[in-house]
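Trainee: One predicted model, sequence on top.
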Amino acid sequence: MEDYILEVVYSMQWSLAISNSEQLNDEEVMLPGYLNQSSPIISAAMDTVWAVLTINQWDSLISKSCERSMEFGELWAMTLKCLIEKFKEYEAGQELKVIHICKTDRFDILTEESVGTLKVLIPYLQQNDISMILDIHTAKLITSPQENITEIHGCLGALCVIHTCLLSLTKVTEVAILEAISDWKDFDIFLFSRKVEDVGCKVLFLNVEVIRFLSVTVQKIPRSLSAQTWDFILCSLVEWIQSITDSITDEGNSIYFKVFCAEISNLIHAIVTLLEDENASKAALISPDLISEWKEFFSPGIFTAFLPLFFKFTNSLDQNLISVSDHLLLQSVCRAACCAPCELLQQVELKPRLVPSCTIPDVLQTVMNHLMGMLQSKVRPIQLAAYKILAKLMSLLPEYDKGRSDVANTDETGETNVPLPEMLKEAILSSTFYLESVLEDVPVGECITVESGTEVYQTTMTYLLAWRLALIFFKAAPVELRAQYANFFRQSGLVDSLLINLFRLMPIVPLLSDKDAKSPFKGVQPSMFTQEPALKIKGCGSSPIEPQHLACSVYNNTLEDLPAMVRQWWNSQNKRIKEHIDRFTTKFTSPILCAKEIQGVQKSTTKMDNMTIKARSKTREVIATYRMDDMSMDLVIKLAVNHPLGVIVVDSGKRVGVSAAQWRNWMLQMTTFLVHQNGTIVDGLKVWKSNIDKRFEGTDDCMICYSVIHGSNYSLPQLTCKTCKKKFHSACLYKWFNTSNQSSCPLCRNLF
């Protein structure tokens, strides 16, 4: 029976090796259909076997698989690993006897088979035993002669074992082989500025293992790296990337090339993650000089060469025939591309993709249009990489809409609106049309499950990611432009459609499956609203939970950035929908948004002359005190329990030197700003303060709304009656003309 079990487990490992051990289930990975059908059946059947095995049977199974791994290697090493994991799961606390083989002389001379076996067993050893193995193979690598550097029984095998030891050790202070490895450059072993196809497999494998070793060294023991070692790592990385550039072809490359590219990408990610970590800098893990050299020299050099490779990889693939090796390569390359600095992303030279009358610079516009196409990809790494890179660039775009009257439109109320960037607008519109056809029969408040690997899944992800980008873009705009973008959202009906769709995608009970999850907000239960979706490019496959979690995040961001629009939409719904949204928002999002508003006040670093702001978290109140000469006044702003659906209440506090009429007028203005503005309370207070400041500076009120600053578009009164000389907001006057059916001045009644 034991031999039968071994063969079944071996076949399971073959299936996993074909479909990738990370259990890729995306539609784009082309796998034999029988794998998806048979593997779960066999796995479920084996679960009944594991439960009845005795300790002796476990020991015998694991021992036999270990012997076969030592003799045949390859999938038998995976079989051994699977059996050990099942043993740990079903026989927790029992001794794993097979690991004692590591202390014998059977690993003195390394072979491919013994290295594979050792890599499986090392993670299950005691820390002191792992350290002993690390020391043995460190000595072997240092003392190996030149002719054995690329041999499995020499430096290549020792480096494989050392890499595994470093991954398994919880505490490492120093590894004594870095100097020896850097000396290998004198033997013409490294793949520096050479084509991958021009070197043998042994040389290529050694380069791959060196790169893997450097990656784990950067991650685990950066403090031990000297300035000389860092120069070797960074200069080598530049040379390796040049080798990729020289080797890549339009006809496709070998799997060896893909492995080499993937490991280079992983090293880039490890280095950037460390060098851009403020905590690492504070802990003196890296020197200021290294950070300076990276930003000024190495980062531009590396990403200037790497970003064109990223776009070439992603654009050259046939997304309908993508292999597992392609998918694994894309995971690493796409993750590394997301590390590129914003200024270098704006300089990538690609085939022009331009939109007429767009004021965004051509190079940046081209990059963004390429990325917008990738955002709609059905290949998960490409789609997520496009989103993460676009998220960096979105905050740059509002700058190009400032003062542009040619893109602004005026509606029947006199309000001007500025549309989203064309490529972003098209991504939202196209995915909205498709998604509404899918969700039209789903009642609001019922959650549809979107199965991964389907066209609906891909389009749903595109839709939600595009909306996150739109909200990032909106939030980065100045107040005046934000009002015009909000008018576009309202007039286009896109936000109304978004909110309806979100309540068909969000789970009824949006709790996290992770029992160890903690909420960053005191007294708030951990949920999909307290934690952002991971959106990991590498090491995480698609899941039906992901679009649900992402929908929760988009809803939370919409409430935070467009509170007035959401409130207006909510008030327009029928009683059943309105009550459901109220209960859901009050329970899961309002406590978070109230806490964020209070924290925003408490942590605000913006200095406002003549006004101070403080917050009371327990009562959800913000107190603003305005002082000017001998006059002072307090405003108490209280958030509703269902914030932002409920109206914010503005109460009066102390006032000195202000008439009752003027005080009521200013309180009404404050209420107007908070009710109609799409932003935070601090944003509303800034506008209100600006209104009062303008009043004291002598700027006349608009004689229609009796405010200096317009309540929704934040403009000043600029249109003057030639007869009575009074000033009006253009939007107020436009509305007056439309409602009165006259073109006369509201005050003097003369023709305006």
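Mentor: Looks like it arrived, so ask away. Note that this is a predicted model, so its numbers are computed, not measured.

Trainee: Tell me how many other residues crowd residue 147.
Mentor: Residue 147: 9 surrounding residues under other C-beta atoms under 10 Å. C-beta here means a position set from N, CA and C on the backbone, and glycine is covered the same way.

Trainee: And the one 4 residues further on, by the same measure?
Mentor: For residue 151, the neighbour count with other C-beta under 10 Å is 16.

Trainee: What distance do you get for it to residue 74?
Mentor: 19 Å (C-beta to C-beta, to the nearest Å).

Trainee: With residue 340 instead?
Mentor: Separation of residue 340 from residue 74 (C-beta to C-beta) stands at 37 Å.

Trainee: When the two are compared, which one has more neighbours?
Mentor: Shown here are residue 340 and residue 74; by other C-beta under 10 Å, residue 340 has more neighbours (21 against 14).

Trainee: Chain neighbours aside, what residue packs nearest to that one?
Mentor: Counting by C-beta to C-beta, 6 or more residues apart in numbering, residue 340 lies nearest to residue 303, which is 4.5 Å off, once chain neighbours are set aside.

Trainee: Output the contacting helices and strands for the helix or strand where residue 60 lies.
Mentor: Assigned by DSSP states H and E, residue 60 falls within helix 55-72. Applying 3 or more C-beta pairs under 8 Å, 6 or more residues apart in numbering; DSSP states H and E, we find helix 55-72 packed against helix 2-19, helix 75-90, helix 112-121.

Trainee: So which of those helices is nearest residue 739?
Mentor: helix 2-19 (66.1 Å; C-beta to C-beta).

Trainee: Tell me the helices and strands packed up against that closest one.
Mentor: Using 3+ C-beta pairs under 8 Å, 6+ apart, helix 2-19 sits against helix 33-50, helix 55-72, helix 75-90.

Trainee: Not counting the second one itself, show me its contacts.
Mentor: Put plainly, it is helix 55-72. 2-3, 5-6, 9, 53, 76-77, 79-80, 83-84, 87, 91, 94, 96-98, 101, 106, 113-114, 116-117, 120-121 (C-beta atoms under 8 Å, 6 or more residues apart in numbering).

Trainee: Now for the residue nearest to residue 340, how many residues are close by?
Mentor: 24.

Trainee: Confirm it sits in a strand?
Mentor: No. Counting by DSSP: H, G, I helix; E, B strand; the rest coil, residue 303 falls outside a strand, being helix.

Trainee: any idea how far it is from residue 276?
Mentor: With C-beta to C-beta as the criterion, residue 303 and residue 276 are 13 Å apart.

Trainee: Which of the helices and strands packed on helix 55-72 comes out lowest on mean pLDDT?
Mentor: Among those, helix 2-19 carries the lowest mean pLDDT, a mean of 78.

Trainee: got the buried residues for the helix holding residue 60?
Mentor: Within helix 55-72, the residues that qualify as buried are 58-59, 61-66, 68-70, counting by 16 or more other C-beta atoms under 10 Å.

Trainee: In CSV: the residues you listed, plus distance to residue 651 and pLDDT.
Mentor: Shown next, in CSV, are these (distance: C-beta to C-beta, whole Å; pLDDT from 0 to 100):
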residue, distance to residue 651, pLDDT
58, 71, 89
59, 75, 89
61, 74, 90
62, 72, 89
63, 77, 90
64, 78, 90
65, 74, 91
66, 75, 90
68, 78, 90
69, 74, 90
70, 79, 91
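
Trainee: Reformat the residues you listed as CSV; add distance to residue 623.
Mentor: As requested, those are exported to CSV (distance: C-beta to C-beta, whole Å):
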residue, distance to residue 623
58, 67
59, 71
61, 70
62, 68
63, 73
64, 74
65, 70
66, 70
68, 74
69, 70
70, 74
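
Trainee: which of those lies closest to residue 260?
Mentor: Taking C-beta to C-beta as the measure, residue 260 lies nearest residue 69 of these, at 26.2 Å.

Trainee: Return the distance of the closest one relative to residue 114.
Mentor: Counting by C-beta to C-beta, the separation of residue 69 from residue 114 is 9 Å.

Trainee: do the same with residue 7
Mentor: 22 Å.

Trainee: again with residue 224
Mentor: 29 Å.

Trainee: Residue 379 now?
Mentor: 37 Å.

Trainee: Just the buried positions in stretch 313-330, please.
Mentor: Under 16+ other C-beta under 10 Å, the buried positions of stretch 313-330 are 313-314, 317, 322-324, 326-330.

Trainee: With respect to residue 747, which of those is nearest?
Mentor: residue 314 (62.4 Å).

Trainee: Just give the nearest non-adjacent residue to the closest one, would you?
Mentor: residue 382 (5.1 Å).

Trainee: The one you found: which element?
Mentor: With DSSP H and E as criterion, residue 382 is part of helix 380-393.

Trainee: beta partners of residue 631?
Mentor: Under DSSP bridges, the beta-bridge partners of residue 631 are residue 628.

Trainee: elements contacting the helix holding residue 382?
Mentor: helix 299-316, helix 324-337, helix 342-345, helix 362-375, helix 455-476.

Trainee: Of the ones you listed, give the one that comes closest to residue 579.
Mentor: Closest to residue 579 of the helices and strands packed on helix 380-393, according to C-beta to C-beta: helix 455-476, at 25.1 Å.

Trainee: can you give me the angle the closest one makes with helix 380-393?
Mentor: Interaxial angle of helix 455-476 relative to helix 380-393 (axes from the mean of the first three to the mean of the last three C-alpha atoms, to 10 degrees): 10 degrees.

Trainee: tilt between helix 455-476 and helix 362-375?
Mentor: 150 degrees.

Trainee: Need phi/psi at the nearest residue to residue 717 once chain neighbours are set aside.
Mentor: Using C-beta to C-beta, 6+ apart and skipping residues adjacent in sequence, the residue nearest residue 717 is residue 727, 3.7 Å away. Here is the backbone geometry of residue 727 (degrees, to the nearest 10): phi -110, psi 150.

Trainee: doesn't residue 718 make contact with residue 727?
Mentor: Yes. At 6.8 Å, residue 727 counts as touching residue 718 under the criterion of C-beta atoms under 8 Å.
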